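Student: below: sequence and its predicted model.
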Amino acid sequence: MGSDMGIKLNGLSFSYGGSVTLSGIDLEIPRGTLAALLGPNGAGKSTLLKNISGYLKPQKGEVLVCGKPVHSLKDKERSRIVTYLAPESRSSFDFSVEEVVMMGRLPYSESILSHSPDDLQAAEEAMRITQVEHLRHRPVTSLSSGEQQRVQIARAICQDPDVFLLDEPTAHLDMSFELEIMELVKELAEEGRTVFAILHDVNLALRYASQLFFMKEGSLAYCLEPNQVSSDVIRDVYGVDARILEDAESGIKFVLPYSISRL
């Protein structure tokens, strides 16, 4: 593992074609943390993850991943440290599940055609963790959305990075698959990985994440622990009136929105 600081941003700003998308963002996420990135559509969440991954380069500021400036790293070295899982990552080709998972080993391989025993073992372990071993010979294009999402997470695990950036990992999944994916993501953090995930469901974030970052209009509006999330925060970020309730049996807090805020 790398530095004790999984992700650190100092004054990150980014713009598309002169239009400011991210403005002066500072944040720190320690290693071994599951952090959620929340906010309305268009707030800049995906753009932020792409800047952290190295896919986009900020106009200003610094991005450190495991203590290293991510944009100065060569592609293979960066890919060994951080992986970015785009929303609804899918293959449009008829690769088998096993072939897709093995693609996670490309940062460690000299050739796309050769795999070491370590590569094969990493792929087996990733398929076991995500429970897709029985699908190994199936074309990924034949799988359901939930199965495809698990395969893509298996590929990311096979890559063996210190930092996982997940853009809507539970998008369009049913309730059972949502919980499966979030339990899996939580386990990654418990193993010492850093996970930064965009979630649309605030209640999933409250249940699983230990840090919640709320974005609004390209800026970081709040960095909170789950017990600090209030109806005022929800109103300010999403423009809705809501109650923060707590399940008596589990102690889990959840947000119950009930009207569009008129304030």
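Tutor: Done, it's in.
Student: which stretches of the stretch 1-150 of the chain have low pLDDT?
Tutor: For the stretch 1-150 of the chain, the stretches flagged by pLDDT under 70 are 1-3, 88-92, 111-113.
Student: hey, where'd the strands end up in it?
Tutor: If DSSP state E, counting those that start in this stretch is used as the criterion, the strands of the stretch 1-150 of the chain fall at 5-16, 19-30, 34-38, 60-65, 68-69, 82-85.
Student: pull up the pairing partners for the fifth one, direction included.
Tutor: So the one you mean is strand 68-69. Neighbouring strands of strand 68-69 in its sheet, by DSSP bridges, are strand 60-65 (antiparallel).
Student: show me which residues of the partner strand are buried.
Tutor: With burial defined by 16 or more other C-beta atoms under 10 Å, the residues of strand 60-65 counted as buried are Gly61, Val63, Leu64, Val65. C-beta coordinates here come from the backbone N, C-alpha and C atoms, glycine included.
Student: check stretch 133-142 too.
Tutor: Within stretch 133-142, the residues that count as buried by 16+ other C-beta under 10 Å are Leu135, Arg136, Arg138, Val140.
Student: also stretch 40-56?
Tutor: By neighbour count, with 16+ other C-beta under 10 Å as the criterion, the buried positions of stretch 40-56 are 43-54, 56.
Student: tell me which residue is most central in the chain.
Tutor: Nearest to the mean C-alpha position of the chain, counting by C-alpha atoms, centre = their mean, stands Leu166 at 2.0 Å.
Student: what angle sits between the helix or strand it falls within and strand 5-16?
Tutor: Assigning secondary structure by DSSP states H and E places Leu166 in strand 163-167. Direction vectors for strand 163-167 and strand 5-16, defined by axes from the mean of the first three to the mean of the last three C-alpha atoms, to 10 degrees, enclose an angle of 40 degrees.
Student: can you list contacts of strand 163-167?
Tutor: Surrounding strand 163-167, the residues in contact under the criterion C-beta atoms under 8 Å, 6 or more residues apart in numbering are 6-7, 45-46, 49, 52-53, 65-66, 81-87, 153, 156, 185, 188, 193-198.
Student: quick revisit: among the buried residues of stretch 40-56, which pair sits farthest apart?
Tutor: Ala43 and Gly54 (21.1 Å; C-beta to C-beta).
Student: looking at the buried residues of strand 60-65, which one is closest to Val237?
Tutor: Distance from Val237 was checked for each of those by C-beta to C-beta. The minimum falls on Gly61, at 22.5 Å.
Student: the closest one contacts Ser23, doesn't it?
Tutor: No: contact status for Gly61 versus Ser23: not in contact, 10.0 Å apart, counting by C-beta atoms under 8 Å.
Student: overlap of the contact sets of those two?
Tutor: Contacts common to Gly61 and Ser23, judged by C-beta under 8 Å, 6+ apart, are Ser13.
Student: neighbouring strands of the strand holding Leu166 in the sheet, and parallel or not?
Tutor: Taking DSSP bridges, the sheet neighbours of strand 163-167 turn out to be strand 82-85 (parallel), strand 194-198 (parallel).
Student: could you redo these as TSV and give each row mean neighbour count and distance to Gly104?
Tutor: Shown next, in TSV, are the strands paired with strand 163-167 (neighbours: other C-beta atoms under 10 Å; distance: least, C-beta to C-beta, whole Å):
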stretch	mean neighbour count	distance to Gly104
strand 82-85	23	8
strand 194-198	26	16
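Student: which one, of those, ends up nearest to Ser176?
Tutor: When these are compared for distance to Ser176 using C-beta to C-beta, the nearest one is strand 194-198, at 18.4 Å.
Student: show me what counts as buried in whatever helix or strand comes next after that closest one.
Tutor: As assigned by DSSP H and E, the chain's next helix or strand after strand 194-198 is helix 202-208. Within helix 202-208, the residues scored as buried using 16+ other C-beta under 10 Å are Val202, Leu204, Ala205, Leu206, Arg207, Tyr208.
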